[in-house]
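# sequence and predicted structure, then a few things I'm wondering about:
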Amino acid sequence: MKILMYATLAPERKYIEQWSKKNNVEVKCVDERLNAKTVEWAKGFDGIDFQQTHSLEPIVYKKLHEYGIKQLTARMVGYDMIDFDLAKKYDLIVTNVPAYSPRAIAEMGLTQALQLVRKMGYYYQRMDKLDFRWAGLESTEIYNLTVGIIGAGHIGGATAQLYSLLGAQVLATDPVKHPELEAYLTYTDLDTILKESDIVTIHTPLDDSTANIFNAETFKKMKSTAYLINMARGGLVKTDDLIAALQKHEIAGAALDTLADEGQFFEKQAKPEDIPEDYKTLRAMPNVLISPHSAFYTDTAMKNMVEMGLDDVVAIVNGKRPHYPVIQ
Ligand code: NAD
């Protein structure tokens, strides 16, 4: 069996080699993303595996079908880059890796939130001017805070555990309740979370019902001292409204691992002309932290992502049921 793996990262390679040896399956790694041009490389392979946030062009589905490929395996949680009507039309079974390491993302969110709470951006801005005074930057301690989780699934649940263990009061809203999480959080509604939380942390999928759930109206309902953490998907937050809310001091700051327009410049060595104005505006704010969609990037996550994705490619190629099919 031969599998082509798109958009492989250097740190994944050792896990891919280990898996390939253990399973006696040839895996070819390429750096490029799966797109209209690179799909042609899949000819002659039994299966493919990719990770990217960029949408797959319609021709990709058609060509994979022509090459006899039976699956689309995204070795990541999100699958909003896939058009399920086209996948169905071309008999492609979609799989993802639903929980390669929720802690990886939860810990990044917590790290960023603590930096915001401790006003680190303001310190760095002062220190860049050789100003080492701390007056005016009084902070607080985490167990004084209420944290509101929007979407307590794998990552939101892990986030709840972390904050709860640090002594914060944790609220959550989610249409699906998980009784095992009630040791760490209290379920409530979105409006209560917006009104009461000092940290609001988003962990829902991006779909028609959640797109832009954070907008001008939502920000007005938040405490002016509250921080917004978005480790999920850029499209959940209306970026212009976030900028306006920050400029009007309707909220105190934000940490963003994802941006709605990140496809233009994340995941590459960008040129100045690639960088959108909204990013520049946000990046210049001392109360905003941006990371390049890297919350997932830990050793545990890399290993699980590689192994769980490839196991499902093999299952489908062998006509067996994959562990993680995405049914839409
Ligand atoms: P999950 O499916 O386990 O959990 C999502 C939860 O959101 C579910 O419990 C669902 O019921 C809930 N939900 C859906 N709509 C909601 C709404 N309107 N209000 C409140 N809750 C709602 O998903 P997950 O694995 O925890 O992933 C969460 C998000 O994190 C996804 O958007 C995913 O794409 C993103 N993600 C980001 C990174 C990164 O590196 N930044 C890595 C992995 C995943």
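Sure thing, it's come through.
# now the closest residue to the ligand within the stretch 151-300 of the chain: closest residue in space that isn't a chain neighbour?
With C-beta to the nearest ligand atom as the measure, Gly153 is the residue of the stretch 151-300 of the chain nearest to the ligand, at 1.8 Å. C-beta coordinates here come from the backbone N, C-alpha and C atoms, glycine included. In this structure, Gly153 finds its nearest non-sequential neighbour in His203, 6.5 Å apart by C-beta to C-beta, 6 or more residues apart in numbering.
# the one you found: what's it in contact with?
The contact partners of His203, taken as C-beta atoms under 8 Å, 6 or more residues apart in numbering, are 105, 149-153, 155-156, 159, 231-232.
# try it again with 10 Å
Contacts here follow C-beta atoms under 10 Å, 6 or more residues apart in numbering; on that basis His203 touches 102, 105-106, 109, 149-160, 172, 174, 229-233, 236.
# what's the distance between it and Asp261?
To Asp261, His203 is 21 Å away according to C-beta to C-beta, to the nearest Å.
# still on that earlier bit, report pLDDT for the residue nearest to Gly153.
pLDDT, His203: 98.
# cool, and Ala254?
pLDDT, Ala254: 98.
# that one bridge partners, please.
Leu228, Val288 (DSSP bridges).
# just checking, it touches Gln247?
No - if you go by C-beta atoms under 10 Å, Ala254 and Gln247 don't touch, sitting 11.9 Å apart.
# so Ala232 sits against Met108, correct?
No - Ala232 is beyond contact range of Met108, at 11.5 Å (criterion: C-beta under 10 Å).
# what do the two both touch?
155, 257, 295.
# now the last one: which helix or strand?
Following DSSP states H and E, there is no helix or strand that holds Ala295.
# now swap in the first one and tell me
Under the criterion of DSSP H and E, Ile155 resides in helix 154-165.
# next one: that helix to chain centre, how far?
15 Å (C-alpha atoms, centre = their mean, to the nearest Å).
# go on, stretch 194-212?
The chain centre lies 13 Å from the centre of stretch 194-212; the measure is C-alpha atoms, centre = their mean.
# between Ala232 and Met108, point out the one with more neighbours.
Remark: of Ala232 and Met108, Ala232 carries more neighbours, 26 against 22, as counted by other C-beta atoms under 10 Å.
# name the element that one belongs to?
Using DSSP H and E, Ala232 sits in no helix or strand.
# for it, what are its contacts?
By C-beta under 10 Å, 6+ apart, the neighbours of Ala232 are 77-78, 105, 109, 150-151, 155-156, 201-206, 210, 257-258, 295.
# re the thing from before, helices or strands next to the helix holding Ile155 in the packing?
The contact analysis (3 or more C-beta pairs under 10 Å, 6 or more residues apart in numbering; DSSP states H and E) places helix 154-165 against helix 102-117, strand 146-150, strand 169-173, strand 199-202.
# show me the one of these that comes nearest Arg283.
helix 102-117 (14.1 Å; C-beta to C-beta).
# quick one: is the closest one near the ligand?
Yes - Helix 102-117 lies within reach of the ligand by C-beta under 6 Å from any ligand atom, at Ile105.
# could you list the buried residues of that helix?
102-110, 112-113, 115-117 (16 or more other C-beta atoms under 10 Å).
# compute the inter-axis angle for whichever helix or strand comes after it and helix 102-117.
On the C-terminal side of helix 102-117, the nearest following helix or strand under DSSP H and E is helix 120-128. With axes from the mean of the first three to the mean of the last three C-alpha atoms, to 10 degrees defining the directions, helix 120-128 sits at 50 degrees from helix 102-117.
# averaged pLDDT, helix 120-128. What do you get?
98.
# would you list the buried entries among the contacts of Ala232?
Members of the contacts of Ala232 classed as buried by 16+ other C-beta under 10 Å are 77-78, 105, 109, 150-151, 155-156, 201-204, 206, 210, 257-258, 295.
# still on that earlier bit, Ala254 and Gln247 - which one has more neighbours?
More crowded of Ala254 and Gln247, by other C-beta under 10 Å: Ala254, with 26 against 10.
# fine, thanks again, bye for now.
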